[in-house]
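Participant: Dropping a prediction and its sequence here:
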Amino acid sequence: MSARMKFWGRQPAFYQAQLALTTAAKKGLGDPVLAELVVLRASQLNRCAFCIDMHVKNLRQAGVSRQRIDLLPAWEEAGDLYSARERAALAFTEAVTVLTEGHVPDAVYERAAAHFDERELAHLLAVIVAINNWNRVNVTVRQPPGQEL
């Protein structure tokens, strides 16, 4: 399979801006594993094969257990496999990514705010927004997993 177009190569300024956006968002979050869990979960929801492949590899390289990676789609039923902070971030990720209710429910926002101070929560939101940008482009152009952008 090949991509429909080489979007990132046709939009180098946008690509650089997207990289900078992602780097800034993740840096402020502090916990690289949490950031990778969040971007993997959003990518799963958006069915972005390219990003799922990349972030699974990143988590493996960071030493995250196979069980935590494999059970991420069922994080709510996985008990203490994910910390309360991670579960709050994952619930927030799902609410921001899917927006099925037309908004992020107050309970989900409050749960995240209980685990992240306002600065951290702003970075978490920025990470979620950034990965959704990547996902939407890569899904649209059908970017194949494992290939260079």
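Facilitator: That came through fine.
Participant: Every contact and neighbour count from this point should use C-alpha atoms.
Facilitator: Noted.
Participant: Let's see the pLDDT reported for residue 6.
Facilitator: Note for residue 6: predicted pLDDT of 93.
Participant: any idea how far the closest residue to it other than its chain neighbours lies from residue 65?
Facilitator: Once flanking residues are discounted, residue 6 sits nearest to residue 149: 7.3 Å by C-alpha to C-alpha, 6 or more residues apart in numbering. Counting by C-alpha to C-alpha, to the nearest Å, the separation of residue 149 from residue 65 is 27 Å.
Participant: rewinding a little: which residues does the residue nearest to residue 6 contact?
Facilitator: Residues near residue 149 by C-alpha atoms under 8 Å, 6 or more residues apart in numbering: 6, 8, 9, 143.
Participant: Work out for me the element the residue nearest the centre of the chain sits within.
Facilitator: The chain has residue 39 as the residue nearest its centroid, 1.4 Å off, counting by C-alpha atoms, centre = their mean. Secondary structure from DSSP states H and E places residue 39 in helix 32-45.
Participant: Packing partners of the following helix or strand past that helix?
Facilitator: For helix 32-45, the following helix or strand on the C-terminal side (DSSP H and E) is helix 49-61. Under the contact definition 3 or more C-alpha pairs under 8 Å, 6 or more residues apart in numbering; DSSP states H and E, helix 49-61 sits against helix 32-45, helix 66-70, helix 118-140.
Participant: pLDDT of the last one, averaged?
Facilitator: In this model, helix 118-140 has an average pLDDT of 97.
Participant: List the buried residues in it.
Facilitator: 120-132, 134-135, 138-139 (16 or more other C-alpha atoms under 10 Å).
Participant: before we move on, what about the first one?
Facilitator: Of the residues in helix 32-45, those scored as buried under the neighbour-count criterion (16+ other C-alpha under 10 Å) are 34, 35, 36, 37, 38, 39, 40, 41, 42, 43, 44, 45.
Participant: packing partners for that helix?
Facilitator: Judged by 3+ C-alpha pairs under 8 Å, 6+ apart, the packing partners of helix 32-45 are helix 12-29, helix 49-61, helix 84-98, helix 118-140.
Participant: In PDB, could you pull the C-alpha coordinates for the longest one?
Facilitator: As requested, the backbone C-alpha atoms of helix 118-140 are provided in PDB (Å, rounded to 0.1, in the frame of the first residue of the first chain):
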ATOM      1  CA  GLU A 118      -3.900  23.800  35.100                       C
ATOM      2  CA  ARG A 119      -0.600  24.000  33.300                       C
ATOM      3  CA  GLU A 120      -0.300  20.200  33.000                       C
ATOM      4  CA  LEU A 121      -3.900  20.000  31.900                       C
ATOM      5  CA  ALA A 122      -3.200  22.600  29.200                       C
ATOM      6  CA  HIS A 123      -0.300  20.500  28.000                       C
ATOM      7  CA  LEU A 124      -2.400  17.300  28.000                       C
ATOM      8  CA  LEU A 125      -5.000  19.000  25.900                       C
ATOM      9  CA  ALA A 126      -2.300  20.300  23.600                       C
ATOM     10  CA  VAL A 127      -0.900  16.700  23.200                       C
ATOM     11  CA  ILE A 128      -4.400  15.400  22.300                       C
ATOM     12  CA  VAL A 129      -5.000  18.200  19.800                       C
ATOM     13  CA  ALA A 130      -1.600  17.600  18.200                       C
ATOM     14  CA  ILE A 131      -2.100  13.900  17.800                       C
ATOM     15  CA  ASN A 132      -5.600  14.400  16.400                       C
ATOM     16  CA  ASN A 133      -4.000  16.700  13.700                       C
ATOM     17  CA  TRP A 134      -1.400  14.000  12.900                       C
ATOM     18  CA  ASN A 135      -4.100  11.300  12.800                       C
ATOM     19  CA  ARG A 136      -6.500  13.300  10.500                       C
ATOM     20  CA  VAL A 137      -3.800  13.900   7.900                       C
ATOM     21  CA  ASN A 138      -2.300  10.400   8.000                       C
ATOM     22  CA  VAL A 139      -5.700   8.700   7.800                       C
ATOM     23  CA  THR A 140      -6.800  10.900   5.000                       C
END
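Participant: Okay then, goodbye and thanks.
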